[in-house]
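Undergrad: Predicted model, plus sequence, below.
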Amino acid sequence: MIYGSIEAGGTKFVCAVGSDKLEIIERIHFPTTTPKETMEQVISFFSKYKVSLKSLGVGSFGPIDIQKKSKTYGYITSTPKIAWKNFDFIGELKKYFDIPIYWTTDVNAACYGEYVAGNGVGLSSVVYYTIGTGVGGGALQDGRFIEGFSHPEMGHMRILKHKQDLFGGNCSFHHDCLEGLASGTALEKRTGIKGQELDKSHPAWEIEAFYIAQCAYNTTLLFSPDRIIFGGGVMKQAHLVEKVREIFTDLLQEYVQIPAIDTYIVTPKLGDNAGTIGCLALAKEATS
């Protein structure tokens with residue numbers, strides 16, 4: 001038997017199948033367009049594994065409805081991606097696959113991947129952020145997601161603006177929240193240059209690090225996690241995590257004692273595989 005993984009990102013979908021040892025057997029990706037076009041590709045990929053597919057783990061961009069008693073459980077809800085607003089994601093999958101499906105956010109899935117096979121192994125409390133096209137966060141305590149009436153939306157926390165930042169913000173809901181100021185989209189709009197093409201000496205990186213360090217500061221005082229993991233495309237700049245650690249240390253002022261900074265604020269061990277591994281692991285969880 002095999003397990004299926006769907007990383008439903010705002011920019012692209014990544015679909016995979018894997019073994020019970022979380023080994024990836026096949027993986028494909030394609031752009032996130034309309035629900036009709038995108039889901040046709042999802043269904044087509046998994047249909048060839050229908051006989052042996054035991055369960056699916058789905059990590060989706062959000063916000064999503066995670067309350068199983070809700071009439072809209074399994075829906076993408078108030079997303080700024082208009083075509084996907086109020087889309088019945090799980091309902092569409094259930095038309096074709098009568099198997100258990102684990103439903104959570106894309107960043108929760110990545111957090112779980114690091115927890116079971118990456119930089120969260122052996123720890124009781126892990127918080128994961130994706131700093132990419134948007135910003136999202138997920139938190140685990142003793143293997144369980146921290147959530148209540150809904151999943152956390154930590155990517156939209158309020159932060160202080162850098163004194164030299166003249167950019168107004170990119171979030172369509174809150175303008176200058178964390179996502180609005182620190183996402184890859186915000187970085188590009190602030191500078192006119194894509195992050196991967198931005199020289200490491202550019203002053204925008206100091207501003208970026210200031211915002212991510214505030215995120216780590218808020219997370220530390222809210223959750224006291226064993227580790228904070230920052231993933232996503234923006235964090236692929238090797239110099240950025242060092243800047244974040246430096247500014248974070250200055251902000252915290254030793255108010256609380258944390259683990260060694262080099263092991264406290266880190267990037268994903270699994271890299272771009274974190275979400276896929278997490279979805280496969282959650283698919284296994286759905287059958288237990």
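TA: That came in fine, so what should we check first?
Undergrad: Please name the residues that touch the residue nearest to the spatial centre of the chain.
TA: Nearest to the mean C-alpha position of the chain, by CA atoms, centre = their mean, lies Val107 at 2.3 Å. By CB atoms under 8 Å, 6 or more residues apart in numbering, the contact list for Val107 reads Gly59, Tyr128, Tyr129, Thr130, Gly136, Gly137, Gly138, Gly155. All C-beta spots, glycine's among them, are computed from the backbone N, C-alpha and C.
Undergrad: ok, 10 Å please
TA: Neighbour list for Val107: 9, 59-62, 128-130, 132, 134-139, 151-152, 154-155, 231-232, 274-275, 278 [criterion: CB atoms under 10 Å, 6 or more residues apart in numbering].
Undergrad: among the residues you listed, which are in helices?
TA: Those of those mapping onto helices are Ala274, Gly275, Gly278, per DSSP state H.
Undergrad: Would you mind giving the residues you listed as CSV with pLDDT, distance to Leu93 and neighbour count added?
TA: As requested, the ones in helices among the contacts of Val107 are exported to CSV (pLDDT from 0 to 100; distance: CB to CB, whole Å; neighbours: other CB atoms under 10 Å):
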residue, pLDDT, distance to Leu93, neighbour count
Ala274, 97, 22, 30
Gly275, 97, 17, 31
Gly278, 98, 18, 33
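Undergrad: Dump the residues you listed to CSV, plus distance to Gly180.
TA: Putting the ones in helices among the contacts of Val107 into CSV (distance: CB to CB, whole Å) gives the following:
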residue, distance to Gly180
Ala274, 24
Gly275, 23
Gly278, 26
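Undergrad: pLDDT (mean, whole number) over whichever strand or helix holds the residue nearest to the centre of the chain?
TA: Taking DSSP states H and E as the criterion, the element that holds Val107 is helix 106-117. The average of the pLDDT scores along helix 106-117 is 98.
Undergrad: try stretch 230-237
TA: The average pLDDT within stretch 230-237 is 96.
Undergrad: just stretch 195-211 next, same as before
TA: Averaging pLDDT along stretch 195-211 gives 96.
Undergrad: which parts of it are buried?
TA: Gly195, Leu198, Ala204, Trp205, Ile207, Glu208, Ala209, Phe210, Tyr211 (16 or more other CB atoms under 10 Å).
Undergrad: how about the residue lying closest to Thr33 once chain neighbours are set aside, secondary structure?
TA: Nearest non-adjacent residue to Thr33, counting by CB to CB, 6 or more residues apart in numbering: Ala83, 7.9 Å away. Put simply, Ala83 is helix when judged by DSSP: H, G, I helix; E, B strand; the rest coil.
Undergrad: coming back round to it: dump the helix holding Val107 to PDB, keeping only the CA atoms.
TA: C-alpha atoms of helix 106-117 as PDB (Å, rounded to 0.1, in the frame of the first residue of the first chain):
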ATOM      1  CA  ASP A 106       0.300  23.600   3.900                       C
ATOM      2  CA  VAL A 107       2.500  25.100   6.600                       C
ATOM      3  CA  ASN A 108       1.200  22.700   9.200                       C
ATOM      4  CA  ALA A 109       2.100  19.900   6.800                       C
ATOM      5  CA  ALA A 110       5.700  21.200   6.500                       C
ATOM      6  CA  CYS A 111       5.900  21.600  10.300                       C
ATOM      7  CA  TYR A 112       4.800  18.000  10.700                       C
ATOM      8  CA  GLY A 113       7.400  16.800   8.100                       C
ATOM      9  CA  GLU A 114      10.200  18.500  10.100                       C
ATOM     10  CA  TYR A 115       8.800  17.100  13.300                       C
ATOM     11  CA  VAL A 116       8.800  13.500  12.200                       C
ATOM     12  CA  ALA A 117      11.900  13.500   9.900                       C
END
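Undergrad: Sweet, I'm off.
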